[in-house]
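Visitor: Mind folding the following:
(one chain, ligands or ions: 1)
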Amino acid sequence: MTDQSSNQMWGGRFAAGPDAIMEAINASIGFDKRMAAQDIAGSRAHAAMLAATGVITDNDAEAIREGLLTVLSEIESGSFQFSTALEDIHMNVEARLKEVIGEPAGRLHTGRSRNDQVATDFKLWVRDQFDAAEKGLLALIKALVDQAEAGADWVMPGFTHLQTAQPVTWGHHMMAYVEMFGRDLSRVRDARARMNESPLGAAALAGTSFPIDRDMTASALGFDRPAANSLDAVSDRDFALEFLSTASICAVHLSRFAEELVIWSSAQFRFVTLSDRFSTGSSIMPQKKNPDAAELIRAKVGRIFGANTALMMVMKGLPLAYSKDMQEDKEQVFDAADNWMLALAAMEGMVKDMTANRESLAAAAGSGFSTATDLADWMVRVLKVPFRDAHHVTGALVAMAEGRGCDLPDLSLEDMQGVHEGITEDIFTVLGVENSVNSRMSYGGTAPAQVRAQVKRWKEILAG
Ligand code: ARG
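Guide: As a prediction, this is how the structure comes out:
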């Protein structure tokens with residue numbers, strides 16, 4: 001006889017129940033209950049297949065499938081009593097099913113193991129999150145494209161080393177992020193397509209002797225096909241790693257944009273005004289309006305990348321097939337998914353609400369000798385001066401302007417001719433920032449016409 005307190009699912013060979021510490025380290029129900037709906041969907045598909053292949057009777061399958069819906073509604077309504085002694089969501093659901101329908105419940109686990117079951121549940125959960133990420137990215141991209149369209153020809157300084165480099169357009173800057181988030185979108189779609197193979201029916205590791213139909217359960221659960229190797233199917237967590245690495249790269253992009261918003265919304269820059277809806281005040285300094293949402297988005301990359309690193313380390317060196325180490329996959333992914341979706345939504349909200357301060361952008365665009373390259377290019381084009389010499393002459397003019405505390409267009413023609421006698425009145429046409437950005441017509445350049453072409457391309461992509 002086994003001890004009363006030994007596990008009802010696998011207690012057959014156990015004389016005693018687990019130590020309290022063992023139960024604490026072993027149990028995953030505290031977090032894997034988030035996969036209840038996926039677990040029940042997987043079990044319902046499995047039961048239907050067992051009946052269709054004659055492994056269990058139609059009546060038993062019907063009782064199991066109905067009973068599982070009852071269990072699901074108990075979980076959804078909050079009346080379900082989760083038990084740590086029952087370790088995980090799989091055994092909690094099955095134990096309750098037994099209470100609800102009695103004997104047929106014991107036939108559900110035929111030709112299946114918790115190893116293929118957990119892989120299936122987790123894949124279904126992660127797949128939903130890929131879909132949520134796709135939606136979040138599309139919404140964010142749309143908000144950025146709208147900003148770009150509104151300000152396709154608004155001039156602002158472009159930076160390298162965070163030093164004024166050349167004038168660019170607001171639309172161009174917004175569209176740079178569209179490209180980044182567009183690559184994230186493509187990574188999400190690639191990974192989602194790659195992961196969509198069903199582990200169900202791989203059983204513990206070797207497959208099963210029951211005449212199961214893995215195609216049937218795969219298609220019932222929306223998978224493209226069953227996974228082709230049972231050892232791999234139960235031990236593969238690439239889908240979770242790809243989810244986390246995709247999330248990490250996207251979080252890096254989010255953090256870069258968030259950082260720009262923090263800088264741009266400062267009193268020193270005033271490039272953008274963030275809406276009150278996405279800002280907070282200070283309890284002591286009445287004048288403050290803080291970009292907290294941007295700062296938190298900037299920080300999220302820490303935990304998301306941490307989850308990626310953590311799961312990489314969990315999986316590293318694991319022998320085939322399933323090992324309990326893999327139970328450590330879920331909390332990382334859950335936390336990263338929650339925070340990734342939140343960051344995407346918060347960024348979308350901020351972008352939709354923010355106002356670019358066109359005058360501040362334009363004033364900054366002309367300062368810092370941002371059209372110096374245009375001056376050098378003019379000398380090359382019009383005076384046929386070698387670029388290196390033009391660079392030198394321009395440098396001397398910048399030094400002169402700097403010494404006088406003025407910008408390049410404020411120098412007189414005589415001043416300029418003092419440095420290079422070939423310079424003519426025509427030079428002033430290229431020193432204006434509007435002319436500068438309009439001239440950058442190379443494909444992918446900052447000219448408003450190029451920005452509008454990219455806006456058009458992305459609108460077509462978004463329209464599907
Ligand atoms: N709770 C487990 C997990 O999350 C389920 C699989 C357990 N399988 C086993 N053979 N102990 O990975």
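
Visitor: Name all residues that make contact with the residue of the stretch 251-400 of the chain found nearest the ligand.
Guide: Using CB to the nearest ligand atom, Q327 is the residue of the stretch 251-400 of the chain that sits closest to the ligand, at 3.6 Å. C-beta coordinates here come from the backbone N, C-alpha and C atoms, glycine included. The contact partners of Q327, by CB atoms under 8 Å, 6 or more residues apart in numbering, come to S28, D88, V118.

Visitor: for it, phi and psi?
Guide: Dihedral pair for Q327: phi -60, psi -20, per degrees, to the nearest 10.

Visitor: Check T208 too.
Guide: phi -140, psi 160.

Visitor: which residues sit in contact with E328?
Guide: E328 sits in contact with A310, L311, V314, where contact means CB under 8 Å, 6+ apart.

Visitor: of those residues, closest to A227?
Guide: Within the contacts of E328, distances to A227 taken as CB to CB reach their minimum at L311, with 19.3 Å.

Visitor: Enumerate every residue touching that closest one.
Guide: Here L311 is in contact with R237, A240, L241, L244, E328, D329, Q332, V333 (CB under 8 Å, 6+ apart).

Visitor: Leaving out chain neighbours, which residue sits closest to it?
Guide: Closest residue in space to L311, ignoring its immediate chain neighbours: Q332 at 5.0 Å, by CB to CB, 6 or more residues apart in numbering.

Visitor: next one: N357
Guide: Using CB to CB, 6+ apart, the nearest residue to N357 is R270, at 5.6 Å.

Visitor: Count the residues that sit near the one you found.
Guide: 15 (other CB atoms under 10 Å).

Visitor: Next, give phi and psi for it.
Guide: phi 50, psi 40.

Visitor: Quick check: it touching R358?
Guide: No. Here R270 does not reach R358: they are 11.1 Å apart, not a contact under CB atoms under 8 Å.

Visitor: Tell me the secondary structure at G182.
Guide: Following DSSP: H, G, I helix; E, B strand; the rest coil, we place G182 in the helix state.

Visitor: Would you mind confirming that it is in contact with L140?
Guide: No. In this structure G182 lies outside contact range of L140 using CB under 8 Å: 10.3 Å.

Visitor: between those two, which one's more packed in?
Guide: With other CB under 10 Å as the criterion, G182 and L140 differ in neighbour count, and L140 comes out ahead with 29 against 17.

Visitor: which residues sit in contact with that one?
Guide: Here L140 is in contact with F181, L344, M347, E348, V351 (criterion: CB under 8 Å, 6+ apart).

Visitor: what's near enough to touch the last one?
Guide: By that I understand V351. L140, A143, L144, Q147.

Visitor: which residues of the stretch 351-464 of the chain fall in strands?
Guide: 355-356 (DSSP state E, counting those that start in this stretch).

Visitor: from it, which residue is nearest to the ligand?
Guide: For the stretch 351-464 of the chain, CB to the nearest ligand atom, closest residue to the ligand: G464, 37.2 Å.

Visitor: And G78, its phi and psi?
Guide: Torsion angles, degrees, to the nearest 10, at G78: phi 90, psi 10.

Visitor: cool, A293 as well?
Guide: Dihedral angles for A293 - degrees, to the nearest 10 - are phi -60, psi -40.

Visitor: host element of the nearest residue to A48 once chain neighbours are set aside?
Guide: Distances taken as CB to CB, 6+ apart place A61 nearest to A48, at 6.0 Å, with adjacent residues excluded. Under the criterion of DSSP states H and E, A61 resides in helix 58-77.

Visitor: Which residues does that helix contact?
Guide: By CB under 8 Å, 6+ apart, helix 58-77 touches 33, 36-37, 40, 43-44, 47-48, 50-51, 56, 80, 93, 96-97, 100-101, 104-105, 107-108.

Visitor: List the buried residues of the following helix or strand past that helix.
Guide: Remark: after helix 58-77, the chain's next helix or strand is helix 89-101, criterion DSSP H and E. Buried residues in helix 89-101, counted by 16 or more other CB atoms under 10 Å: I89, H90, M91, N92, V93, E94, A95, R96, L97, K98, V100, I101.

Visitor: Grab the two from the residues you listed that are most spread out in space.
Guide: I89 and I101 (18.2 Å).

Visitor: what does the protein put close to the ligand?
Guide: Residues of the chain found near the ligand (CB under 6 Å from any ligand atom) are S28, D32, D88, R114, N115, V118, Y322, K324, M326, Q327.

Visitor: Next, the angle helix 89-101 makes with the helix or strand harbouring the fifth one.
Guide: With elements taken from DSSP H and E, the one containing N115 is helix 114-150. For helix 114-150 against helix 89-101, the angle by axes from the mean of the first three to the mean of the last three CA atoms, to 10 degrees is 110 degrees.

Visitor: Now do helix 114-150: distance to the chain's middle.
Guide: Using CA atoms, centre = their mean, to the nearest Å, the mean C-alpha position of helix 114-150 is found 7 Å from that of the whole chain.

Visitor: next structured bit after that helix?
Guide: strand 155-160.

Visitor: ok, and what's touching that following strand?
Guide: Contacts for strand 155-160 (CB under 8 Å, 6+ apart): 164-170, 172-173, 271, 361-362, 364-368, 370, 433-434, 437, 446.

Visitor: Which of those residues are buried? Put it as a ChimeraX command.
Guide: In ChimeraX syntax, the buried subset of the contacts of strand 155-160 is picked out as below (16+ other CB under 10 Å):
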select :164,165,166,167,168,169,170,172,173,271,361,362,364,365,366,368,370,433,437,446
